[in-house]
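Engineer: Next comes the sequence, and after it the predicted model I'd like to discuss.
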Amino acid sequence: MGKILHLDNGTPLLYEKITHINSFSMGIYVKTGAIDEKENESGISHFIEHMLFKGTEKRSAKDISEEIDNIGGKMNAYTSKDTTTFYITGLSEHFEIAADVLSDIFLNSTFTEKNIEKEKKVVIEEIRMYEDIPEEKIHDINNEYIFNGNYGKNILGTEESINALTKEKILDYYRTRYTSDNIAIVVVGNLSEEEVLKTFNLYFKNFNTIKKDRIEKKEFKLNAVKNILKKEISQVHLCVNTLGSSYTSENRYVGSILSIILGGNMSSRLFQKIREEKGLAYSVYTFNTVFYEGGAFSVYAGTTKENYNEVIDMIYEEWKDIKENGITEKELVKAKNQVLSSLILGLETTRARMSRLASSYITYNKIIPLEEIKNKINAIDLERVKKYANKIFDEKYYSVTILGDINE
């Protein structure tokens, strides 16, 4: 199990030693994302993620990638609604080089006007790419419709918001969010605690800034709406939504159980009924969207304009059946095994372990033991699932987003 350490300046460092391997994963997790952006800076979190790879005071963009490639490492980053992450994986013997590069891009990126303008073009092409992938685009549209305020913001932003970004805006956001009390450094691998602390204390010795509140947090609200976006494509893509749970809710794992039973695998209820029995969709699955303040429980399906209404009705019918009749003991046992299997098998790499440590700390400000999670999942019974189903499968929470060549 990992442990929470602190650098000399107070920055949290999450550490786990694994002795039977010869590799590591290290990351810096920033508690910032789309929900922290002002109205006129949509996409700025993701844009800064890109900019940190574009050059520092001592390394060019090519130097950064080449130095990690030379040691056989992998470096990447990603942005979510509430977190921005930068990470490197590699062999234990190259830990010092990787730590140097990761610290350098995080602390010393130059944000030149030339690189900013060049990267705007890259990000806009990324936005256009997703515009051309309707099975991806539907999720962005759905979020914008069903969540209020910042919770529904598109992580990538829009062409207009990206073009409107200035160096001043970017640096203001970076300086007020990339601070010692708003990040966590995570290191997992066959490395000594002393070596890890010594290395990051060296690089972060002058990093001691305090996060500033930049926006007023709005109340979390799930909108019960029906929205249709007409687009000339061959399929109809849809998301059907209802109330979900928050990160801190005791029902979070019950939501995972219900998601698996309804659409988590090829033997799930909706997959069997919509695809296997009726042949109405190729892809159908369930998913939970989870924030600290609340969440949504959703079903996605890709179908046709002749059949999309029937698919929506079938989803609602299945929700009603679970609400009224519950689930079977067999379904519960199978779903628990799926959740536990994903949880345990997902920890077989250093990167997965790194992600778990970071997620636990950022969400709960502590590292939750794996046994504690397993016990919570195993404690879920039929009555609790039915009670939760009665709460969330209520028409006052229902919403649907439809993308396709339809008129209504």
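Structural biologist: Sure thing, it's come through.
Engineer: hang on, residue 49 packs against residue 84?
Structural biologist: Yes. Look at residue 49 against residue 84 with CB atoms under 8 Å: they come within range, at 5.3 Å. The C-beta positions use only the backbone N, C-alpha and C, and glycine is treated the same way.
Engineer: In the sheet, which residues pair with the closest residue to residue 104 other than its chain neighbours? Tell me.
Structural biologist: Nearest non-adjacent residue to residue 104, counting by CB to CB, 6 or more residues apart in numbering: residue 56, 4.9 Å away. On the basis of DSSP bridges, residue 56 is bridged to residue 109.
Engineer: Now for residue 56: which residues touch it?
Structural biologist: By CB atoms under 8 Å, 6 or more residues apart in numbering, residue 56 lies in contact with 64, 104, 105, 108, 109, 110.
Engineer: What's the PyMOL syntax to select whichever of these are buried?
Structural biologist: For the buried members of those, the matching PyMOL selection, counting by 16 or more other CB atoms under 10 Å, is:
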select buried, resi 64+104+105+109
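Engineer: List of residues touching the host helix or strand of residue 361?
Structural biologist: Here residue 361 sits within helix 350-364, counting by DSSP states H and E. Contacts with helix 350-364, where a contact means CB under 8 Å, 6+ apart, come from 2, 4, 12, 14, 16, 18, 21, 23-27, 29, 31, 83, 85, 87, 89, 184, 186-189, 247-248, 292, 346-347, 366-368.
Engineer: average model confidence for that helix?
Structural biologist: Across helix 350-364, the average pLDDT comes to 95.
Engineer: go on, stretch 384-402?
Structural biologist: 97.
Engineer: Stretch 134-151 now?
Structural biologist: Mean predicted confidence for stretch 134-151 is 93.
Engineer: Who are the packing partners of the helix or strand that residue 184 is a member of?
Structural biologist: Residue 184 belongs to strand 183-189 when assigned by DSSP H and E. Counting contacts by 3 or more CB pairs under 8 Å, 6 or more residues apart in numbering; DSSP states H and E, strand 183-189 packs against strand 12-17, strand 23-30, helix 193-203, helix 350-364.
Engineer: Now do the buried residues in stretch 303-317.
Structural biologist: For stretch 303-317, using 16+ other CB under 10 Å, the buried residues are 303, 304, 305, 307, 308, 311, 312, 314, 315, 316.
Engineer: Let me know the closest of those to residue 404.
Structural biologist: Nearest to residue 404, judged by CB to CB, of those is residue 305 at 5.9 Å.
Engineer: Surely the closest one is in a helix?
Structural biologist: No. Counting by DSSP: H, G, I helix; E, B strand; the rest coil, residue 305 falls outside a helix, being coil.
Engineer: ok, now how distant is the residue nearest the centre of the chain from residue 287?
Structural biologist: The structure's the chain has its C-alpha centroid closest to residue 80; by CA atoms, centre = their mean the separation is 4.7 Å. Per CB to CB, to the nearest Å, residue 80 is found 14 Å from residue 287.
Engineer: if we can go back for a sec, can I get the buried ones among the contacts of helix 350-364 as something I can paste into PyMOL?
Structural biologist: Restricted to buried positions by 16+ other CB under 10 Å, the PyMOL selection for those reads:
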select buried, resi 2+12+14+16+18+23+24+25+26+27+29+31+83+85+87+89+184+186+187+188+189+247+367+368
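Engineer: Walk me through the domains of this protein.
Structural biologist: Under the assignment automatic domain parsing, the domains of the chain span 3-203, 226-404.
Engineer: and the first one, how far from the chain's centre?
Structural biologist: It refers to domain 3-203. Here the centre of domain 3-203 is set off from its chain's centre by 13 Å, with CA atoms, centre = their mean, to the nearest Å.
Engineer: what do you get for the shortest one?
Structural biologist: A distance of 15 Å separates the C-alpha centroid of domain 226-404 from that of its chain, computed with CA atoms, centre = their mean.
Engineer: got the end-to-end distance for that domain?
Structural biologist: 14 Å (CA to CA, to the nearest Å).
Engineer: Next: stretch 149-168.
Structural biologist: Across stretch 149-168, first to last residue, CA to CA, it's 24 Å.
Engineer: what's that stretch in contact with?
Structural biologist: 33-37, 40-47, 79-81, 111, 113, 116, 120, 123-124, 126-128, 130, 140, 143-146, 215, 218, 220, 291, 293.
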